[in-house]
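Novice: Build the 3D model from these lines:
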Amino acid sequence: MTSLYHTALHELAAVFERLDHPQIDAAIEVIASARRIALYGVGREGLQIKGLAMRLFHLGLDVAVVGDMTVPHLGEGDLLIVSAGPGDFSTISGLMGVAKRDGAKTLCFTAQPDGPCPKAADHVVHIPAQTMANDVGASASSVLPMGSLYEGAQYILYEGMILKLKERLGVTAEAMRGNHTNLE
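Specialist: Alright, predicted model coming up:
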(Lines give C-alpha, C1' and ligand atoms only; values in the text may rest on other atoms or scores of the structure.)
Protein backbone atom coordinates (compact mmCIF):
# COMPACT_ATOMS: atom_id res chain seq x y z
CA MET A 1 0.00 0.00 0.00
CA THR A 2 2.80 2.44 0.82
CA SER A 3 4.09 2.42 -2.75
CA LEU A 4 0.56 3.11 -3.99
CA TYR A 5 0.36 6.21 -1.78
CA HIS A 6 3.78 7.38 -2.93
CA THR A 7 2.77 6.93 -6.56
CA ALA A 8 -0.45 8.92 -6.03
CA LEU A 9 1.47 11.72 -4.27
CA HIS A 10 4.05 11.77 -7.07
CA GLU A 11 1.23 12.09 -9.62
CA LEU A 12 -0.26 15.00 -7.66
CA ALA A 13 3.14 16.69 -7.52
CA ALA A 14 3.45 16.32 -11.30
CA VAL A 15 0.09 18.08 -11.76
CA PHE A 16 1.33 21.05 -9.72
CA GLU A 17 4.59 21.23 -11.68
CA ARG A 18 2.50 21.78 -14.85
CA LEU A 19 0.07 24.40 -13.50
CA ASP A 20 -0.13 27.77 -15.24
CA HIS A 21 0.49 30.13 -12.31
CA PRO A 22 -0.56 33.30 -14.18
CA GLN A 23 -3.99 31.64 -14.70
CA ILE A 24 -4.23 31.02 -10.97
CA ASP A 25 -3.16 34.57 -10.11
CA ALA A 26 -5.78 35.93 -12.53
CA ALA A 27 -8.44 33.71 -10.94
CA ILE A 28 -7.49 35.02 -7.50
CA GLU A 29 -7.92 38.61 -8.70
CA VAL A 30 -11.30 37.82 -10.28
CA ILE A 31 -12.48 36.19 -7.06
CA ALA A 32 -11.16 39.04 -4.90
CA SER A 33 -12.96 41.65 -7.00
CA ALA A 34 -16.32 39.88 -7.29
CA ARG A 35 -19.34 41.39 -5.57
CA ARG A 36 -21.10 38.05 -5.11
CA ILE A 37 -19.91 34.54 -5.94
CA ALA A 38 -21.89 31.42 -6.76
CA LEU A 39 -20.18 28.05 -7.23
CA TYR A 40 -21.21 24.80 -8.89
CA GLY A 41 -19.79 21.41 -9.72
CA VAL A 42 -21.14 17.91 -10.22
CA GLY A 43 -20.26 14.67 -8.46
CA ARG A 44 -16.98 14.60 -6.58
CA GLU A 45 -15.89 17.79 -8.34
CA GLY A 46 -18.96 19.37 -6.76
CA LEU A 47 -17.76 18.28 -3.32
CA GLN A 48 -14.45 20.06 -3.92
CA ILE A 49 -16.29 23.16 -5.16
CA LYS A 50 -18.38 23.14 -1.96
CA GLY A 51 -15.16 23.05 0.05
CA LEU A 52 -13.90 26.07 -1.89
CA ALA A 53 -17.20 27.85 -1.24
CA MET A 54 -16.85 27.21 2.49
CA ARG A 55 -13.32 28.63 2.56
CA LEU A 56 -14.36 31.70 0.54
CA PHE A 57 -17.12 32.22 3.11
CA HIS A 58 -14.54 31.91 5.89
CA LEU A 59 -12.66 34.74 4.16
CA GLY A 60 -15.80 36.88 4.53
CA LEU A 61 -16.84 36.84 0.87
CA ASP A 62 -20.48 36.81 -0.24
CA VAL A 63 -20.70 33.19 -1.42
CA ALA A 64 -23.42 30.67 -2.26
CA VAL A 65 -23.54 27.18 -3.74
CA VAL A 66 -25.90 26.77 -6.70
CA GLY A 67 -28.75 24.53 -5.63
CA ASP A 68 -29.09 26.05 -2.17
CA MET A 69 -32.24 28.12 -1.63
CA THR A 70 -30.21 31.21 -0.71
CA VAL A 71 -28.35 31.62 -4.01
CA PRO A 72 -28.79 35.22 -5.17
CA HIS A 73 -29.47 36.48 -8.66
CA LEU A 74 -26.10 36.94 -10.38
CA GLY A 75 -25.46 39.95 -12.55
CA GLU A 76 -22.90 42.69 -13.19
CA GLY A 77 -19.96 42.48 -10.81
CA ASP A 78 -20.77 38.89 -9.81
CA LEU A 79 -18.92 35.64 -10.52
CA LEU A 80 -19.97 32.07 -11.22
CA ILE A 81 -17.21 29.55 -10.43
CA VAL A 82 -17.62 26.07 -11.93
CA SER A 83 -15.66 22.88 -12.30
CA ALA A 84 -15.87 20.98 -15.57
CA GLY A 85 -12.99 18.53 -15.32
CA PRO A 86 -13.83 16.63 -18.51
CA GLY A 87 -14.55 19.91 -20.30
CA ASP A 88 -18.32 19.74 -20.49
CA PHE A 89 -21.38 19.04 -18.38
CA SER A 90 -24.80 20.09 -19.63
CA THR A 91 -25.82 21.57 -16.27
CA ILE A 92 -22.66 23.66 -16.04
CA SER A 93 -23.04 24.84 -19.62
CA GLY A 94 -26.62 25.92 -18.91
CA LEU A 95 -25.70 27.74 -15.68
CA MET A 96 -22.83 29.53 -17.39
CA GLY A 97 -25.20 30.69 -20.13
CA VAL A 98 -27.65 32.16 -17.62
CA ALA A 99 -24.88 33.86 -15.60
CA LYS A 100 -23.27 35.39 -18.69
CA ARG A 101 -26.64 36.47 -20.11
CA ASP A 102 -27.29 38.46 -16.95
CA GLY A 103 -23.83 40.06 -16.89
CA ALA A 104 -21.90 37.86 -14.44
CA LYS A 105 -18.38 36.68 -15.19
CA THR A 106 -17.52 32.99 -15.24
CA LEU A 107 -14.46 31.10 -13.98
CA CYS A 108 -14.03 27.47 -15.02
CA PHE A 109 -11.64 24.94 -13.50
CA THR A 110 -10.97 22.10 -15.94
CA ALA A 111 -8.58 19.39 -17.08
CA GLN A 112 -9.77 19.82 -20.68
CA PRO A 113 -9.27 23.49 -21.64
CA ASP A 114 -10.51 22.90 -25.18
CA GLY A 115 -13.90 21.67 -23.94
CA PRO A 116 -17.11 23.65 -24.47
CA CYS A 117 -17.40 24.93 -20.88
CA PRO A 118 -13.88 26.35 -20.58
CA LYS A 119 -14.14 27.77 -24.10
CA ALA A 120 -17.27 29.66 -23.04
CA ALA A 121 -15.79 30.88 -19.74
CA ASP A 122 -14.39 34.35 -19.14
CA HIS A 123 -11.55 32.88 -17.08
CA VAL A 124 -10.07 29.38 -17.03
CA VAL A 125 -7.73 27.51 -14.72
CA HIS A 126 -6.34 24.40 -16.34
CA ILE A 127 -5.64 21.57 -13.88
CA PRO A 128 -3.61 19.10 -15.98
CA ALA A 129 -4.85 15.85 -14.43
CA GLN A 130 -6.68 12.71 -15.45
CA THR A 131 -10.49 12.84 -15.33
CA MET A 132 -13.20 10.47 -16.51
CA ALA A 133 -12.65 11.98 -19.97
CA ASN A 134 -9.35 10.10 -20.27
CA ASP A 135 -9.26 7.37 -17.61
CA VAL A 136 -9.33 4.27 -19.83
CA GLY A 137 -7.02 2.68 -22.35
CA ALA A 138 -3.80 4.28 -23.49
CA SER A 139 -4.83 7.73 -22.26
CA ALA A 140 -5.12 6.59 -18.61
CA SER A 141 -2.18 8.04 -16.73
CA SER A 142 -2.98 7.73 -13.03
CA VAL A 143 -2.93 4.92 -10.51
CA LEU A 144 -6.03 6.56 -8.99
CA PRO A 145 -9.42 5.65 -10.45
CA MET A 146 -11.48 7.79 -12.79
CA GLY A 147 -11.21 11.51 -11.90
CA SER A 148 -9.59 11.14 -8.47
CA LEU A 149 -6.31 12.75 -9.53
CA TYR A 150 -8.16 15.86 -10.74
CA GLU A 151 -10.32 15.99 -7.62
CA GLY A 152 -7.31 15.61 -5.30
CA ALA A 153 -5.52 18.37 -7.19
CA GLN A 154 -8.61 20.57 -6.84
CA TYR A 155 -8.49 20.28 -3.05
CA ILE A 156 -4.82 21.25 -2.80
CA LEU A 157 -5.10 24.01 -5.43
CA TYR A 158 -8.16 25.55 -3.76
CA GLU A 159 -6.50 25.60 -0.34
CA GLY A 160 -3.43 27.27 -1.87
CA MET A 161 -5.64 29.85 -3.57
CA ILE A 162 -7.37 30.53 -0.25
CA LEU A 163 -3.99 31.26 1.34
CA LYS A 164 -3.19 33.73 -1.46
CA LEU A 165 -6.66 35.31 -1.20
CA LYS A 166 -6.28 35.57 2.58
CA GLU A 167 -3.11 37.59 2.08
CA ARG A 168 -4.54 39.60 -0.85
CA LEU A 169 -7.67 40.55 1.15
CA GLY A 170 -5.83 41.12 4.44
CA VAL A 171 -7.92 38.56 6.31
CA THR A 172 -6.50 37.21 9.57
CA ALA A 173 -6.67 33.63 10.78
CA GLU A 174 -8.78 34.91 13.66
CA ALA A 175 -11.26 36.51 11.26
CA MET A 176 -11.52 33.27 9.29
CA ARG A 177 -12.14 31.31 12.48
CA GLY A 178 -14.76 33.89 13.47
CA ASN A 179 -16.66 33.09 10.26
CA HIS A 180 -16.63 29.35 10.99
CA THR A 181 -19.94 27.90 12.10
CA ASN A 182 -20.63 27.14 15.71
CA LEU A 183 -23.45 24.76 14.79
CA GLU A 184 -21.44 21.56 14.41
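
Novice: How about residue 52: what's its closest non-neighbour residue?
Specialist: Closest residue to residue 52 in three dimensions, ignoring its sequence neighbours and counting by Cβ to Cβ, 6 or more residues apart in numbering: residue 158, at 4.3 Å. Every residue, glycine included, has its C-beta placed from N, CA and C.

Novice: Would you mind giving both backbone torsions of the one you found?
Specialist: Residue 158 has phi and psi values of phi -60, psi -40 when expressed as degrees, to the nearest 10.

Novice: and it, what is it in contact with?
Specialist: 48, 51, 52, 55 (Cβ atoms under 8 Å, 6 or more residues apart in numbering).

Novice: okay, it: pLDDT?
Specialist: Looking at residue 158, its pLDDT stands at 98.

Novice: ok, it to residue 90 distance?
Specialist: Residue 158 is 24 Å from residue 90, where distance means Cβ to Cβ, to the nearest Å.

Novice: helices or strands up against the least confident helix or strand in the chain by mean pLDDT?
Specialist: Every helix and strand of the chain was ranked by mean pLDDT, DSSP states H and E. The lowest is helix 2-17, at a mean of 95. Packing partners of helix 2-17 (3 or more Cβ pairs under 8 Å, 6 or more residues apart in numbering; DSSP states H and E): helix 148-169.

Novice: Outside of the helix or strand that comes right after the helix it packs on itself, which residues are in contact with it?
Specialist: Per DSSP states H and E, the first helix or strand lying C-terminal to helix 148-169 is helix 173-178. Applying Cβ under 8 Å, 6+ apart, the contact partners of helix 173-178 are 58, 59, 60, 166.

Novice: residues contacting the residue nearest to the second one when sequence neighbours are not counted?
Specialist: Closest residue in space to residue 59, ignoring its immediate chain neighbours: residue 171 at 5.1 Å, by Cβ to Cβ, 6+ apart. Contact criterion Cβ under 8 Å, 6+ apart gives 59, 60, 165 as the residues in contact with residue 171.

Novice: could you list every residue that touches the closest residue to residue 77 other than its chain neighbours?
Specialist: Using Cβ to Cβ, 6+ apart and skipping residues adjacent in sequence, the residue nearest residue 77 is residue 35, 3.8 Å away. The contact partners of residue 35, by Cβ under 8 Å, 6+ apart, come to 62, 77, 78.

Novice: Which one (most neighbours) among those?
Specialist: Neighbour counts for those peak at residue 78, which has 20 neighbours (criterion: other Cβ atoms under 10 Å).

Novice: Roughly how far does the nearest residue to residue 66 once chain neighbours are set aside sit from residue 25?
Specialist: Counting by Cβ to Cβ, 6+ apart, residue 40 is the residue found nearest to residue 66 once chain neighbours are left out, at 3.9 Å. According to Cβ to Cβ, residue 40 and residue 25 sit 23 Å apart.
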